[in-house]
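Novice: Requesting a structural model of the entry that follows:
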Amino acid sequence: MMCVTNAPLCRRVTLRHCLALVGLTTLLPVCDVTTWWLALTSLPLNVWNTYLGYQFYKDSDSKSARKLFRFSLLYLPVLMLMIMFHMKPRTEQEEIVVQVT
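Specialist: Take a look at the predicted model:
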């Protein structure tokens, strides 16, 4: 609905979210949730997603919107699988905390 009521805002929010996903996938290893390989292996996906987001921001036509939407259908599940694959195992201390709570 935002693209109908306020198209420039829609373009800005889309690009902002694409950039936020790059930051979040880089922040996961910093927060010790995943290994640093996630930041490296997700980089091509993140760059392509951000590029498509920028194309939509710049052109804002149905072709660029369709490309970004179709890629996001692939991007998000693949990113989630990559996060699960690169997840750090829990330590014994974390296991004790989980069992107590």
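Novice: Contacts only, for the residue nearest the centre of the chain.
Specialist: Nearest to the centroid of the C-alpha atoms of the chain, with distances taken as Cα atoms, centre = their mean, sits residue 21, at 3.3 Å. Going by Cβ atoms under 8 Å, 6 or more residues apart in numbering, residue 21 touches 46, 49, 79. Any C-beta I mention is one placed from the backbone N, CA and C, and that applies to glycine too.
Novice: in which helix or strand would I find it?
Specialist: When elements are assigned from DSSP states H and E, residue 21 belongs to helix 7-30.
Novice: Give me the next element, helix or strand, following that helix.
Specialist: Remark: after helix 7-30, the chain's next helix or strand is helix 37-41, criterion DSSP H and E.
Novice: Next SSE downstream of that following helix?
Specialist: Helix 37-41 is succeeded, C-terminally, by helix 43-59 (DSSP H and E).
Novice: moving C-terminal of that next one, what's the next helix or strand?
Specialist: helix 62-85.
Novice: mind listing what's buried in that following helix?
Specialist: Neighbour-count burial for helix 62-85 flags 64, 65, 68, 71, 72, 75, 79, 82, 83 (criterion: 16 or more other Cβ atoms under 10 Å).
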